[in-house]
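In: Show me how the following folds:
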Amino acid sequence: MDTALFRTEAEAMREELVRVRRDFHQHPELAFQEIRTASIVAQQLSDLGMEVQTGVGRTGVVGILEGAHDGPTVLVRADMDALPIIEANKIDYISDTSGKMHACGHDGHTAIALGVAKLFAQQREKIAGRIKFVFQPAEEIAQGAEAMVGDGVLRDPVPDVVLGLHLWNSMPVGKVGVADGPVMAGASDFTIHLMGKGGHGASPHQAVDPVICAAHIATALQTIVSRNVDPLDTAVVSVTQIHAGTAHNVIPSEAMLNGTIRTFRSETRQMIEIRLRALVNGIAEAMGCTASIRSGDQTEPVVNDPDVARHVRESFLKMGVQEEAFVYERTMGAEDVGVLMKDIPGMYFFVGSGNSERGLDYPHHHPQFDFDESVLPFAVSLLASAVADYVLEA
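Out: Got it, this is the predicted structure:
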């Protein structure tokens with residue numbers, strides 16, 4: 001198939017893509033609870049004649065489309081889980097479960113990957129190699145990719161390349177984010193527990209106040225990025241929670257801080273953690289408190305391989321996308337697809353899905369998030385053309 005025809009083929013699937021996406025949107029399932037979604041995905045892949053594995057990474061699904069000829073293995077990844085959000089949209093396909101909502105586009109990602117699977121199932125005789133469709137659970141809690149890797153998703157067969165996309169409401173429909181190198185940050189979290197000495201609010205000299213200590217720490221941590229990170233590098237350190245006290249006239253005995261660290265480079269992340277521990281322990285000691293610190297990595301940075309990214313951009317141009325549509329988008333948001341791409345070259349690109357004229361430009365994770373569904377066939381054609389560049393014979 002001429003990849004320029006992918007747009008025509010995908011456009012013919014528009015109504016089906018919208019129907020499937022809205023069905024997923026109406027029936028959201030949280031991390032590792034994607035039972036209904038996974039069963040629909042598995043059935044559709046099976047109907048297309050694929051070898052299907054279920055329960056991979058607890059609730060993940062893998063479908064392998066074997067081509068008629070030998071060649072590379074391309075892994076196509078889509079995430080399936082929703083978020084614990086009460087939806088505030090006024091739409092016919094609003095979530096039917098209070099407190100659960102597809103507010104990040106994963107309903108669209110799943111529908112798009114199924115659309116790509118359908119396109120290639122019709123071209124099996126022209127495929128040199130195989131396509132490994134990976135429908136991943138639990139992206140929102142950054143555990144699904146690791147769980148699937150633990151269950152062998154990167155083996156039998158080992159992928160030669162990883163491809164995936166994210167619908168992106170901060171870009172309008174028609175734009176495509178195609179940057180090389182790091183495009184999404186690695187995320188870590190931290191918890192700081194401060195112990196002081198409680199007392200009466202009227203007699204602070206008789207207490208050791210962990211609230212004041214927490215305030216100094218929250219301010220001091222902001223100097224890590226401004227004074228320790230190379231200005232040409234990128235990092236975020238955010239204190240997002242401070243918990244202390246039970247009454248207005250009581251100095252509490254303890255306080256808790258929680259926060260997040262975002263970096264594009266593991267070396268930067270390691271340096272930040274060293275500085276965080278030094279600042280916390282130093283300030284706590286100076287103010288008479290004791291501190292304990294817990295930190296942990298949540299996701300790997302998502303790093304696009306330059307050669308794969310070049311191939312993908314070229315496939316988009318051959319399909320008819322104008323170079324003016326390319327955006328070299330990067331974000332400090334995190335995504336656990338980086339686990340799949342850590343040791344395998346890959347490309348994770350953004351597809352503009354916003355439409356401000358229709359009010360479809362709320363940010364991801366907002367209770368009124370929704371996207372312009374005209375992006376669905378366009379996204380199918382983009383992902384299909386990227387895959388075709390590796391496995392489809394002329």
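In: what's the offset of stretch 345-355 from the middle of its chain?
Out: Centroid separation for stretch 345-355 versus its chain: 11 Å, with Cα atoms, centre = their mean, to the nearest Å.
In: what is the mean pLDDT for that stretch?
Out: Stretch 345-355 shows a mean pLDDT of 98.
In: Now that stretch - C-alpha only, PDB.
Out: Output in PDB follows, covering the C-alpha atoms of stretch 345-355 (Å, rounded to 0.1, in the frame of the first residue of the first chain):
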ATOM      1  CA  PRO A 345      15.300   2.400  20.000                       C
ATOM      2  CA  GLY A 346      11.900   4.100  19.600                       C
ATOM      3  CA  MET A 347       9.800   7.100  18.900                       C
ATOM      4  CA  TYR A 348       7.000   8.600  20.900                       C
ATOM      5  CA  PHE A 349       5.300  11.400  19.100                       C
ATOM      6  CA  PHE A 350       2.500  13.900  20.000                       C
ATOM      7  CA  VAL A 351      -0.600  14.400  17.900                       C
ATOM      8  CA  GLY A 352      -2.400  17.700  18.300                       C
ATOM      9  CA  SER A 353      -5.900  17.100  19.500                       C
ATOM     10  CA  GLY A 354      -7.000  20.500  20.700                       C
ATOM     11  CA  ASN A 355      -9.700  22.800  19.200                       C
END
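In: Tell me who's in contact with the nearest residue to Leu83 once chain neighbours are set aside.
Out: With sequence-adjacent residues excluded and distances taken as Cβ to Cβ, 6 or more residues apart in numbering, Leu83 is closest to Ala103, at 4.9 Å. Every C-beta, even on glycine, is put in place using the N, C-alpha and C of the backbone. By Cβ atoms under 8 Å, 6 or more residues apart in numbering, the contact list for Ala103 reads 82-83, 85, 87, 364-367, 369.
In: and which of these is nearest to Ala384?
Out: Using Cβ to Cβ, the shortest approach to Ala384 within these belongs to His364, at 24.1 Å.
In: my guess is the closest one meets Met171, correct?
Out: No - assessed by Cβ atoms under 8 Å, His364 is found out of contact with Met171, at 11.8 Å.
In: about what we covered before: compare the contacts of Ala103 and tell me which is most surrounded.
Out: Ala82 (26 neighbours; other Cβ atoms under 10 Å).
In: So for that one, what's the nearest residue that isn't a sequence neighbour?
Out: Using Cβ to Cβ, 6+ apart, the closest residue to Ala82 is Pro28 (3.3 Å).
In: re the thing from before, quick one: classify the residue nearest to Leu83 as helix, strand or coil.
Out: coil (DSSP: H, G, I helix; E, B strand; the rest coil).
In: Roughly how far does it sit from Asp81?
Out: 11 Å (Cβ to Cβ, to the nearest Å).
In: do Asp151 as well
Out: Counting by Cβ to Cβ, the gap from Asp151 to Asp81 is 17 Å.
In: The two: which is more packed in?
Out: More crowded of Asp151 and Asp81, by other Cβ under 10 Å: Asp81, with 27 against 16.
In: buried ones in stretch 98-117?
Out: 100-117 (16 or more other Cβ atoms under 10 Å).
In: again with stretch 386-394
Out: Buried residues in stretch 386-394 (16+ other Cβ under 10 Å): 386-392.
In: Repeat that for stretch 328-339.
Out: 329-339.
In: Then stretch 228-237?
Out: For stretch 228-237, the neighbour count (16+ other Cβ under 10 Å) marks 228-229, 234-235, 237 as buried.
In: Show me which of those has the smallest pLDDT value.
Out: Within these, pLDDT is lowest for Thr234, at 95.
In: Which residues are in contact with that residue?
Out: Thr234 touches 185, 263-264, 330, 332, counting by Cβ under 8 Å, 6+ apart.
In: Now it, what are its backbone angles?
Out: Thr234 adopts backbone torsions of phi -140, psi 130, taken as degrees, to the nearest 10.
In: all helices of the stretch 51-200 of the chain, in order?
Out: For the stretch 51-200 of the chain, helices defined by DSSP state H, counting those that start in this stretch occupy the ranges 106-121, 144-150.
In: Phe369 versus Ser238, what's the distance?
Out: 21 Å.
In: How about Asn249?
Out: Distance from Asn249 to Phe369, by Cβ to Cβ: 43 Å.
In: before we move on, what about Ser295?
Out: Distance from Ser295 to Phe369, by Cβ to Cβ: 30 Å.
In: What of Thr8?
Out: Counting by Cβ to Cβ, the gap from Thr8 to Phe369 is 30 Å.
In: before we move on, the earlier item: is it possible to get JSON lines of the buried residues of stretch 386-394 that adds pLDDT, secondary structure and distance to Gly49?
Out: Output for the buried residues of stretch 386-394, formatted as JSON lines (pLDDT from 0 to 100; DSSP: H, G, I helix; E, B strand; the rest coil; distance: Cβ to Cβ, whole Å):
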{"residue": "Ala386", "pLDDT": "97", "secondary structure": "helix", "distance to Gly49": "22"}
{"residue": "Val387", "pLDDT": "98", "secondary structure": "helix", "distance to Gly49": "17"}
{"residue": "Ala388", "pLDDT": "96", "secondary structure": "helix", "distance to Gly49": "19"}
{"residue": "Asp389", "pLDDT": "94", "secondary structure": "helix", "distance to Gly49": "23"}
{"residue": "Tyr390", "pLDDT": "97", "secondary structure": "helix", "distance to Gly49": "20"}
{"residue": "Val391", "pLDDT": "97", "secondary structure": "helix", "distance to Gly49": "16"}
{"residue": "Leu392", "pLDDT": "92", "secondary structure": "strand", "distance to Gly49": "17"}
